[in-house]
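> sequence? don't have it. structure:
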């Protein structure tokens with residue numbers, strides 16, 4: 001029997017809402033960031049021309065968003081443990097909408113960057129609260145099944161978002177894409193207002209105390225396994241952000257695929273969606289470390305292969321798309337498993353620990369990715385060299401964390417010190 005059928009025969013912890021509605025709502029909330037960073041990619045050339053933006057600065061609209069997202073996560077995580085998930089979501093979505101309206105009518109690039117940063121701040125609330133809601137309502141086998149369903153739905157977002165952005169551009173100017181992103185936020189706000197109950201049990205509410213929050217953050221930053229996998233995940237995310245920052249220019253300018261860019265981007269994203277689904281089905285059998293370590297080795301080898309072919313001058317659009325799809329396939333096995341292993345030692349400070357991990361990986365990863373985008377020189381070389389470097393650094397972080405031994409299951413790991 002399927003995961004959905006199994007769950008439908010068990011107690012529903014959110015009376016009045018079906019399993020499908022909860023999965024759809026949480027997936028939509030989680031997809032907000034993927035849509036906000038990829039739907040506007042086709043609009044970047046027109047936006048940069050209208051606002052007089054230098055070619056290698058246009059991708060800063062992505063970086064500004066990610067910086068706002070990263071920094072605000074540190075605040076919204078503890079806040080949701082105090083005032084509840086629903087209220088936190090409503091505050092965040094309201095800020096996202098305000099930022100969306102601001103970006104739609106921005107008259108200068110400085111205003112656009114400020115608007116995107118505000119959108120990122122608002123989007124941090126859905127990012128941290130949506131996972132917390134699932135944890136509040138489900139546990140064990142049920143939670144695993146619900147999260148698998150959510151992740152499958154969530155992975156569809158980056159596949160279709162650039163195409164939707166292109167569709168908007170067929171009927172409206174570039175501002176229409178930012179207006180569409182704003183409307184998505186409005187729909188989510190209305191949905192949460194009308195249908196979403198509070199998931200946090202009053203017994204589990206915690207006061208917003210600076211001392212306890214800082215103590216939790218300190219633990220996350222001094223625990224060996226957490227720091228090791230957090231930094232490895234940061235470098236792997238930097239590869240993803242470098243690709244997102246450079247994709248529009250590489251595909252539309254270097255390879256002259258302006259009309260086909262949304263389709264190519266979707267094809268590469270499908271590989272990541274497929275591996276994320278396979279990971280949810282295979283990780284329980286094979287283990288976090290075996291799955292993610294093998295994927296990291298594959299990701300690093302693929303990145304080095306791309307760099308070598310590009311250096312030889314024989315990289316074609318076909319080989320580039322094929323190799324990038326393979327790299328994203330490996331990526332889908334790395335992110336969720338590294339995040340899980342980074343969270344393993346944090347125990348009762350999981351909420352604040354998750355916020356700190358999200359802050360570090362998103363902020364540093366976004367800045368490194370933006371640096372690669374800034375180096376675009378009309379070729380794919382800055383992108384492929386940067387990704388190769390970051391993948392090697394990620395592998396080094398894992399080797400140091402695991403004392404040079406990969407693939408060992410968790411129960412075979414030695415007790416690690418916190419320094």
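Thanks, I have it. Just so it is clear, the model here is predicted, and its values are computed rather than measured.
> for the helix or strand residue 318 falls within, packing partners?
Element membership of residue 318, judged by DSSP states H and E, is helix 317-343. If contacts are counted by 3 or more C-beta pairs under 8 Å, 6 or more residues apart in numbering; DSSP states H and E, helix 317-343 sits against helix 224-249, helix 261-286, helix 288-312, helix 350-374. C-beta: built from backbone N, CA, C; applies to glycine.
> Tell me who's in contact with residue 158.
Shown in contact with residue 158 (C-beta atoms under 8 Å, 6 or more residues apart in numbering): 34-35, 38, 265, 269, 272-273.
> For residue 203, see how far away it is.
Separation of residue 158 from residue 203 (C-beta to C-beta, to the nearest Å): 38 Å.
> Kindly report the same for residue 137.
15 Å.
> Which one of the two is surrounded by more residues?
residue 137 (18 against 5; other C-beta atoms under 10 Å).
> What residues of the helix holding residue 318 count as buried?
317, 320-321, 323-339, 341-343 (16 or more other C-beta atoms under 10 Å).
> where's that helix relative to the chain centroid, distance-wise?
Computed by C-alpha atoms, centre = their mean, to the nearest Å, the chain-centroid distance of helix 317-343 equals 12 Å.
> Average pLDDT for that helix, rounded please.
Averaging pLDDT along helix 317-343 gives 89.
> could you check the angle helix 261-286 makes with it?
40 degrees (axes from the mean of the first three to the mean of the last three C-alpha atoms, to 10 degrees).
> between helix 317-343 and helix 288-312, how big is the angle?
With the same axes, to 10 degrees defining the directions, helix 317-343 sits at 150 degrees from helix 288-312.
> Among the contacts of residue 158, which pair sits farthest apart?
Greatest spatial distance among the contacts of residue 158 (C-beta to C-beta): 35 and 272, at 15.2 Å.
> For residue 110, find the nearest of the helices and strands packed on helix 317-343.
Closest among the helices and strands packed on helix 317-343, using C-beta to C-beta: helix 350-374, at 16.5 Å.
> Could you pull out the buried residues of that closest one?
So for helix 350-374, counting by 16+ other C-beta under 10 Å, buried means 350-366, 368-374.
> next one: stretch 275-291
Buried, per 16+ other C-beta under 10 Å, within stretch 275-291: 275-276, 279-280, 283, 287-291.
> ok, so of those, who is nearest residue 98?
Nearest to residue 98 among the buried residues of stretch 275-291, with distances taken as C-beta to C-beta, is residue 276, at 31.7 Å.
> Return the distance of that closest one relative to residue 365.
To residue 365, residue 276 is 18 Å away according to C-beta to C-beta.
> Residue 204 now?
Taking C-beta to C-beta as the measure, residue 204 falls 31 Å from residue 365.
> longest helix of the protein?
helix 109-137 (DSSP state H).
> Looking at that one now, give me its mean pLDDT.
Taken as a whole, helix 109-137 carries a mean pLDDT of 90.
> Show me how far that helix is from its chain's centre.
From the chain centre to the centre of helix 109-137 is a distance of 11 Å (C-alpha atoms, centre = their mean).
> what angle sits between it and helix 350-374?
Using the same axes, to 10 degrees: helix 109-137 against helix 350-374 is 150 degrees.
> that older thread, next, the angle helix 224-249 makes with the helix holding residue 318.
Angle of helix 317-343 versus helix 224-249, following the same axes, to 10 degrees, is 150 degrees.
> Which neighbouring elements make contact with the host helix or strand of residue 215?
Residue 215 belongs to helix 210-222 when assigned by DSSP H and E. If contacts are counted by 3+ C-beta pairs under 8 Å, 6+ apart, helix 210-222 sits against helix 224-249, helix 350-374.
> Would you mark the buried spots in the first one?
Residues 225-249 are the ones in helix 224-249 that count as buried (16+ other C-beta under 10 Å).
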